[in-house]
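Trainee: mind looking at a prediction? Sequence and model below.
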Amino acid sequence: MTRISPTLVATDGMICCSGCGHQLAKVRTSWKVAAGKTEVPFQTQPGASAGLHPDVVLRQFSCPQCRRLLDCETALKGDPFLEDVVDV
């Protein structure tokens, strides 16, 4: 087992949730495709600037099995998510 981040590990050629072990994707492919996704306006987050453009969103990626938060990213609404391909 190789730790990728605090929330992801690689085991037997698969990227898995470090909480429950759920397999998300093969190594060298985008694991975010298999994750649960939530998108909320960044303006609704605590501490967000009142002048923040309304099209800025916070994307949250979670394990579809245990719902553990795996990663977040800030983006413009409608933009594709950042590919997160891991090679271990």
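Mentor: In hand now; what should we look at?
Trainee: quick one: the strands in the chain?
Mentor: Using DSSP state E, the strands of the chain run over 2-3, 8-11, 14-17, 23-26, 36-41, 56-62, 69-76.
Trainee: most neighbours per residue, which of these?
Mentor: The highest mean neighbour count among these, using mean count of other C-beta atoms under 10 Å, belongs to strand 14-17: a mean of 22. Bear in mind the C-beta positions are built from the backbone N, C-alpha and C, glycine included.
Trainee: that one: partners in the sheet, and parallel or antiparallel?
Mentor: strand 8-11 (antiparallel), strand 23-26 (antiparallel) (DSSP bridges).
Trainee: could I get those as JSON lines with distance to residue 33 and mean pLDDT?
Mentor: Converted to JSON lines, those look like this (distance: least, C-beta to C-beta, whole Å; pLDDT from 0 to 100):
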{"stretch": "strand 8-11", "distance to residue 33": "14", "mean pLDDT": "96"}
{"stretch": "strand 23-26", "distance to residue 33": "7", "mean pLDDT": "96"}
